[in-house]
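Peer 1: model this:
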Amino acid sequence: MPEKTYTEALNEALHQEMERDETVIVIGEDVAGGAGTQGDDIEAIGGIFGVCAGLGRKFGRTRVIDTPITESAIIGTAAGAAMTGLRPVAELMFVDFLGVCFDQIYNQTAKFRYMFGGKAITPLTIRTMYGGGVRAASQHSQCLYPIFTHVPGIKVVIPSGPYEAKGLLIKSIRDNDPVIFLEHKAMYDVTEDVPDESYTIPFGEANFTREGKDITLIGMGKTVSLCNNAADLLKKDGIHATVLDLRTLSPLDEDSILESVEETGRAIIVDESSPRCNIATDISALICDKSFSYLKAPIKMISPPHTPVPFSPVLEDIYMPDEQTIITTAKKILN
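Peer 2: Residues are numbered from 1 along each chain as shown. Here you go, the predicted model:
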């Protein structure tokens with residue numbers, strides 16, 4: 001099985017879906033090289049992180065559409081296209097710009113199926129970039145995925161690596177509901193074995209990446225690798241941890257979460273989003289509500305402080321969740 005980067009896996013998924021289904025289009029800023037490019041210069045950019053490289057040259061500007069810097073127009077256009085028979089993949093360059101286009105997402109696309117009694121579908125995938133640790137300061141480093149999970153009618157996908165990214169993106173494009181597809185900016189160069197052929201990963205099915213009897217570590221997106229690394233180091237000290245990769249936040253695989261916590265009796269949830277009303281608090285409430293009697297120790301949540309992401313490298317490193325904090329917390333609740 002060939003090794004591919006996170007970027008290459010996403011790019012391959014887009015290529016394969018656009019080849020398979022001519023109704024799939026891509027729309028966003030500089031996805032086809034920028035509106036001013038001509039001829040062979042098309043695809044000079046392929047989006048800010050190069051995920052769309054090669055699409056414009058292969059499929060043309062009628063299916064790979066550059067836009068001005070206007071998030072409301074990007075999402076509004078994509079939503080309209082989805083309602084009229086296309087399967088758009090819209091690139092929202094940074095999730096931090098959610099506020100500019102949120103009405104089109106939560107008040108329009110999320111509600112169409114319900115407002116029209118199931119007769120309308122909105123097969124819209126919104127790719128967007130999130131996360132800190134890349135020295136991009138507070139306006140380009142946020143983790144706003146809890147906002148999307150609050151809205152009924154939206155599916156929220158957060159892959160943890162290249163293999164997950166390809167399978168989940170293909171599944172997102174084929175889904176008939178709006179999907180928010182979250183890509184961590186620090187993961188684009190991460191490599192992993194990824195099949196050449198097309199495949200899908202189902203929504204709402206978490207993945208167990210480590211198996212252990214002592215404690216459950218729950219992660220999403222980039223924090224899954226932190227949990228995996230922490231579990232491997234804990235194993236050297238005789239502590240055996242289960243690691244659960246959520247894969248999707250909506251739908252959420254409640255059964256796998258509860259089954260694992262009921263088996264180990266302990267849980268640490270690692271979530272890079274701000275600590276008030278985030279995914280960690282949601283899962284903690286779920287465990288307390290449905291599996292409280294199985295707990296052998298308090299649930300622990302590892303999240304950043306409730307402040308904007310610092311620009312200072314020293315402060316940002318302190319701000320971000322890390323493996324050592326997971327290890328220290330695990331040992332504390334096991335003693």
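
Peer 1: the helices in the stretch 101-250 of the chain, which residues?
Peer 2: Per DSSP state H, counting those that start in this stretch, the stretch 101-250 of the chain carries helices over the ranges 112-115, 145-149, 162-174, 223-236.

Peer 1: the longest one vs helix 162-174, what angle?
Peer 2: Counting by axes from the mean of the first three to the mean of the last three C-alpha atoms, to 10 degrees, helix 223-236 points 150 degrees away from the direction of helix 162-174.

Peer 1: could you list the low-pLDDT ranges of the stretch 101-250 of the chain?
Peer 2: Of all residues in the stretch 101-250 of the chain, none has pLDDT under 70.

Peer 1: where along this structure do the strands fall?
Peer 2: For the chain, the strands defined by DSSP state E cover 3-5, 24-28, 64-66, 87-92, 125-130, 155-157, 179-184, 191-193, 207-210, 215-219, 241-245, 248-250, 267-270, 300-302.

Peer 1: and residue 171, how close does it get to residue 1?
Peer 2: Distance check for residue 171 against residue 1: by C-beta to C-beta, to the nearest Å, it reads 19 Å. All C-beta atoms are positioned from the backbone trio N, CA, C, and that covers glycine.

Peer 1: does residue 6 really touch residue 194, like I thought?
Peer 2: No - applying C-beta atoms under 8 Å, one finds residue 6 not in contact with residue 194, separated by 9.3 Å.

Peer 1: got any residues that touch both of the two?
Peer 2: Taking C-beta atoms under 8 Å, 6 or more residues apart in numbering as the contact rule, residue 6 and residue 194 both touch residue 162.

Peer 1: who has more neighbours, the two?
Peer 2: A direct count of neighbours by other C-beta atoms under 10 Å for residue 6 and residue 194 places residue 6 higher, at 27 against 24.

Peer 1: tell me the gap between stretch 138-149 and the middle of its chain.
Peer 2: Put simply, stretch 138-149 sits 11 Å off its chain's centre (C-alpha atoms, centre = their mean, to the nearest Å).

Peer 1: hmm, who's touching it?
Peer 2: Residues from elsewhere that reach stretch 138-149 (C-beta under 8 Å, 6+ apart): 94-96, 98, 102, 105, 130-134, 154, 156, 158, 180, 182, 185, 220, 249-250, 252, 271-274, 277-279, 282, 308-311, 316.
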